[in-house]
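Asker: Dropping the sequence and predicted coords here.
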Amino acid sequence: MHFGTDEVMDNLEENPDYDVIEYGCLSNCGQCAMMPFAMVNGEIIDADSADELYEAIMAKIKELEAWDSLELD
């Protein structure tokens, strides 16, 4: 949370379609001390800042939604 990821979580939680879960540890030893990161659908997403992390998460969500829509067609 020292990278500002709490704000990222707050922004994501505003969307009722997203399940945002906070874990104490994702077993990526040391990564949390070096940069902000999150796990999206089982994939680690990282960035240099909290703002960039939010943008990367949103891009991944859009990518997953596009794949989901292709599977439904």
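Answerer: Perfect, I can see it now. Note that the structure is predicted; figures quoted are calculated from it, not measured.

Asker: Contacts for the helix or strand containing Asp68 next, please.
Answerer: Asp68 belongs to helix 50-72 when assigned by DSSP states H and E. Residues outside helix 50-72 that contact it (CB atoms under 8 Å, 6 or more residues apart in numbering): 3-5, 7-8, 11-12, 18, 36-38, 40-41, 43, 45-47. C-beta here means a position set from N, CA and C on the backbone, and glycine is covered the same way.

Asker: tell me the phi and psi of the residue nearest to Leu26 when sequence neighbours are not counted?
Answerer: Nearest residue to Leu26, sequence neighbours excluded (CB to CB, 6 or more residues apart in numbering): Met39, at 5.8 Å. Taking degrees, to the nearest 10, you get phi -110, psi 120 for the backbone angles of Met39.

Asker: How many neighbouring residues does Met39 have?
Answerer: 13 (other CB atoms under 10 Å).

Asker: Over to the one 4 residues further on?
Answerer: The local packing count at Glu43 equals 9, with neighbours defined by other CB under 10 Å.

Asker: Give me the residue ranges of the chain where confidence is low.
Answerer: Low-confidence segments of the chain, defined by pLDDT under 70: 1-2, 28-29, 71-73.

Asker: rerun that using 80 as the cut-off
Answerer: Scanning the chain for pLDDT under 80 picks out 1-2, 23-33, 68-73.
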